[in-house]
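**Q** Here is a sequence with its predicted model. Questions after.
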Amino acid sequence: MKKINNKKIQKYFDNWAKEYNTYLPKLPQYQKLVKSILEDISDLDSNSNILEAGIGTGCLAFAIYNRTKANIIGIDFSEEMIKKCNERSQAEKTNFDLRVQNLTEYNVINNYFDAIISNLTLHHLINTEKQTLISKVYQSLKPGGKFILGEIIIDFDGNPANKLWLEHVIKRWRYAAKIALKYAGPSAAAIELDNMSKVYLKNFELMNTFQLWKKYLQNAGFKNIKFKFINKNTGWCKISAEKIPAYRQAGVVKGSI
């Protein structure tokens, strides 16, 4: 499989950082996805450690912090995205630990995080990179820790000669641009069209089926894998999984004799 051109994607996101916050957070499907993710971490607090892999300008991270007051580490390969996130972090005194780093270069911190979240990011990795990162995520989570993945799933093979695939592309393209125009204006609709062309025509991104995501998670050792559609028209979904403690894997209930 041909490797995605990371330098092109990095440049694209560096340019997008200037208006990222005026577009994505306004979309109803994004707001619904954030709300669903926050529900999954409602038990975390100021003593919790959370990693966001692909933090961008921090749209999700600040919502997480406002809900939990957790210690947040954020990594992203876009220097401009991190710069924007850092400016807001300093202004709001959240003290996020922000790092410019490619996800493929992430170093494991064994059993450290209560939750690791990656939202609309992992499709920028080829499949072997996805599997490697998910395995590192598993190692980095505390026993009982959660991995929450906001993603875009596609149940087609991506073959341009496939009529069903092309029909799917046209349907999604029209819907995504229409929603962006309605909630964020003409420039957002233009961005959405550009994004879709990168997904479908220029191979900037690599979407997967839920079955393949589940396989990656199971290969890494995750249990309690759950799937929830956020918006079927766009394919947006939430996938969550848990690093089960050894005593629970053995069928022993904590606190029992």
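**A** Thanks, I have it.
**Q** right, and K142 touches D114 too?
**A** Yes. When contacts are counted by CB atoms under 8 Å, K142 is listed as touching D114 (5.9 Å). Heads up, the C-betas are built off the backbone N, CA and C, glycines and all.
**Q** Who has more neighbours out of these two?
**A** For K142 versus D114, the count of surrounding residues by other CB atoms under 10 Å is larger for D114: 21 against 16.
**Q** got the CA coordinates for stretch 130-146 in CSV?
**A** Extracted in CSV, the C-alpha atoms of stretch 130-146 (Å, rounded to 0.1, in the frame of the first residue of the first chain):
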residue,chain,number,x,y,z
LYS,A,130,-2.8,2.4,12.7
GLN,A,131,-2.2,-1.0,14.2
THR,A,132,1.2,0.0,15.6
LEU,A,133,-0.2,3.1,17.2
ILE,A,134,-3.2,1.3,18.7
SER,A,135,-0.8,-1.3,20.3
LYS,A,136,1.2,1.6,21.8
VAL,A,137,-2.0,3.1,23.1
TYR,A,138,-2.9,-0.1,24.8
GLN,A,139,0.5,-0.2,26.5
SER,A,140,0.2,3.4,27.6
LEU,A,141,-3.2,3.0,29.3
LYS,A,142,-3.6,2.1,32.9
PRO,A,143,-5.5,-1.2,33.6
GLY,A,144,-9.1,-0.2,33.2
GLY,A,145,-8.1,2.7,30.9
LYS,A,146,-10.3,3.7,28.0
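**Q** contacts for that stretch?
**A** With contact meaning CB atoms under 8 Å, 6 or more residues apart in numbering, stretch 130-146 is reached by 40-41, 51, 53, 103-104, 106-116, 118, 122, 125, 147, 208, 216-217, 219-222, 240-246.
**Q** so what's the backbone phi/psi at N111?
**A** Main-chain dihedrals, N111, degrees, to the nearest 10: phi 50, psi 50.
**Q** Check what pLDDT it gets.
**A** pLDDT, the model's per-residue confidence, is 96 for N111.
**Q** I'd like to know how many residues surround it.
**A** N111: 12 surrounding residues under other CB under 10 Å.
**Q** And T22, by the same measure?
**A** 12.
**Q** so it sits right up against Y183, yeah?
**A** No. Contact criterion CB under 8 Å: T22 and Y183 do not qualify, at 11.0 Å.
**Q** In the stretch 101-250 of the chain, what residue spans correspond to helices?
**A** Taking DSSP state H, counting those that start in this stretch as the criterion, the stretch 101-250 of the chain contains helices spanning 127-140, 163-184, 186-200, 210-220, 246-249.
**Q** Look up how far G235 lies from the residue lying closest to S89 once chain neighbours are set aside.
**A** In space, and not counting its chain neighbours, S89 is closest to F96: 4.4 Å by CB to CB, 6 or more residues apart in numbering. Distance of F96 to G235, given as CB to CB, to the nearest Å: 29 Å.
**Q** cool, I73 as well?
**A** Taken as CB to CB, the span from I73 to G235 is 28 Å.
**Q** I50 touches S118, doesn't it?
**A** No. With contact defined as CB under 8 Å, I50 does not reach S118; the gap is 11.5 Å.
**Q** thinking again about what came up before, pick the most buried one from the helices of the stretch 101-250 of the chain.
**A** Highest mean neighbour count of the helices of the stretch 101-250 of the chain: helix 127-140, a mean of 18 (counted as mean count of other CB atoms under 10 Å).
**Q** Okay, angle between that helix and helix 210-220 too, please.
**A** Computed by axes from the mean of the first three to the mean of the last three CA atoms, to 10 degrees, the angle separating helix 127-140 from helix 210-220 equals 50 degrees.
**Q** Can you list the low-confidence ranges for the stretch 101-250 of the chain?
**A** Scanning the stretch 101-250 of the chain with the threshold set as pLDDT under 70 gives 156-160, 198-205, 247, 249-250.
**Q** Closest to the mean position in the protein, which residue would that be?
**A** Nearest residue to the geometric centre of the chain (CA atoms, centre = their mean): N119, 1.8 Å.
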